[in-house]
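Asker: Got a sequence here, can you build the structure:
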Amino acid sequence: PKPQSSGLASLFGRGSPRLPSFGSYSRNIEIDVFINRGKRTVRVMDNCRGMLKEALQRVVLNVGESKKRGVAFLNGQYGFGMQAFRTACKSLTVQTRTDPSEPALQIKLDRWQSDGFTIESVEDTPMIKGTGTMITLEDFDEQWMDDSFSAQEVATEIELHFERLLARPGLAINVYDEDGDSIRSVRCCKPFNYTARSLKTLATINETITWPPVGHPLRDPSVTPQQIQISLCVASQPVQGRLPRFFVNGRRVKEVAGTRSFVQYSKRRWTVWAHPNVLGFLDISNEEGQGQGGALQPVITRDEFKRTRYRKQIFEFIIDSCEEKLENALISANRAQRDSKLTVLEDLLTTCLKGVSREDNRRRGALSGMESFTGLEPPESGFPIPNQGGAEERGSEGNEQDVVVDATATKEKEKKSSKPKQRRASTTQ
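Answerer: Model (predicted):
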């Protein structure tokens, strides 16, 4: 898991004013995330109600004693809490305030510190306005300082990992790039819009199902009912990074196509769940009022589901609910796409053939004109010879020269014809 996820995961659901119904808040919640690559620091701050001293000591110092321990559908069920910082950075500082008129409480932990933790009061907390909590992770290890340690990448990861939480009304997460004294806003994280017109959606599945359903043989008190919110669609074009994913209580578990426990029962892993045109999520939660248990429970690494007694049955129930519908939509989309491509190819070929036909007709017309010209017989007087100098320039002068040439030619002919007569006359004498 990436370092930025653990801090946010600990923050969500802790100290937030919630109404009884799942996924709603009694007031607007704002969470600000500050990324300082130069100082290798991450700060996460909220405007919630803060934590009392006893709660702060318990969530920070005690391991495995979370009140949510063993509640599969709640975040923080394993009770490791903020101690996870030791795997990524050198120190963790928590400041929290429950009363705007009172000083804030602060506790700081170093990676190798095992005792001597103290909670102290601090007056100077300009970042916390009113009530709320701020978590600061400092001096991340070198191996964490890759391209993902940036405000832009953190915002993208938040939108992927907490997509379902972002869809809750009244919740806003803002990501900032911090460089020295300057703070630049990067993004206000938003959930993905699966109804956007740009997707040109071909088919959608939006429904919430309950397993076991009413009337099912397993619908008895020994089996904890679970709700699966299915929101899937087939887009006309591939969408990167949005393959269908499993969520549990609003937090991402894994892509459906990559969940081994699920795909062993699916016959359409590659043709449906790994298809780039299929996108969406399946969000699993226990029915309201149901605490622990359920057929689908994430493992501690949140990349698989525990091997429970009824895991196979609920997976098969999900497959029957949506897999065939998605496949049929993809088949129709592929057929329509092929027809569209053939139409484009047909139009292209028609345009090319029209051009060839026009060029052929032009060449035939030129050849036909030359044949009609060579078939003409010249007139008796011959073809007129154009005046190189122009008729207007030569005028009558040209005509006089032609007469002189004709007269000279006549005299030469007469001389030639008179010579034989003179020879015959001399011979007779």
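Asker: which strands and helices sit next to the one helix or strand residue 364 maps to?
Answerer: Secondary structure assigned from DSSP states H and E places residue 364 in helix 311-374. Contacts defined by 3 or more Cβ pairs under 8 Å, 6 or more residues apart in numbering; DSSP states H and E place helix 311-374 against strand 203-211, strand 226-234, helix 260-263, strand 278-286. Just so you know, the C-beta spots here come from the backbone N, C-alpha and C atoms, and that holds for glycine as well.
Asker: what pLDDT, on average, does that helix get?
Answerer: For helix 311-374, the mean pLDDT works out to 80.
Asker: any idea which of the helices and strands packed on helix 311-374 is most buried?
Answerer: Highest mean neighbour count of the helices and strands packed on helix 311-374: strand 278-286, a mean of 24 (counted as mean count of other Cβ atoms under 10 Å).
Asker: Which elements pack onto it?
Answerer: helix 163-166, strand 226-234, strand 245-248, helix 311-374.
Asker: Between strand 278-286 and the helix holding residue 364, find me the angle.
Answerer: Helix 311-374 runs at 170 degrees relative to strand 278-286, counting by axes from the mean of the first three to the mean of the last three Cα atoms, to 10 degrees.
Asker: Let's see the pLDDT reported for the closest residue to residue 190 other than its chain neighbours.
Answerer: Among residues not flanking residue 190 along the chain, residue 166 sits closest, at 6.4 Å (Cβ to Cβ, 6 or more residues apart in numbering). Looking at residue 166, its pLDDT is 91.
Asker: rewinding a little: which of the helices and strands packed on strand 278-286 sits most buried?
Answerer: strand 245-248 (a mean of 24).
Asker: Neighbours of residue 105, how many?
Answerer: 23 (other Cβ atoms under 10 Å).
Asker: For it, name its beta-bridge partners.
Answerer: Using DSSP bridges, the beta-bridge partners of residue 105 come out as residue 96, residue 121.
Asker: what's near enough to touch it?
Answerer: 51, 53, 56, 95, 96, 97, 119, 120, 121, 122 (Cβ atoms under 8 Å, 6 or more residues apart in numbering).
Asker: What is the lowest-pLDDT residue among the residues you listed?
Answerer: Lowest pLDDT among those: residue 56, 88.
Asker: Surely it is in contact with residue 119?
Answerer: Yes. Between residue 56 and residue 119 there is a contact under Cβ atoms under 8 Å: 6.3 Å.
Asker: got any residues that touch both of those two?
Answerer: Taking Cβ under 8 Å, 6+ apart as the contact rule, residue 56 and residue 119 both touch 105, 107.
Asker: any idea how far stretch 102-119 is from the chain center?
Answerer: Relative to its parent chain, stretch 102-119 has a centroid offset of 42 Å by Cα atoms, centre = their mean, to the nearest Å.
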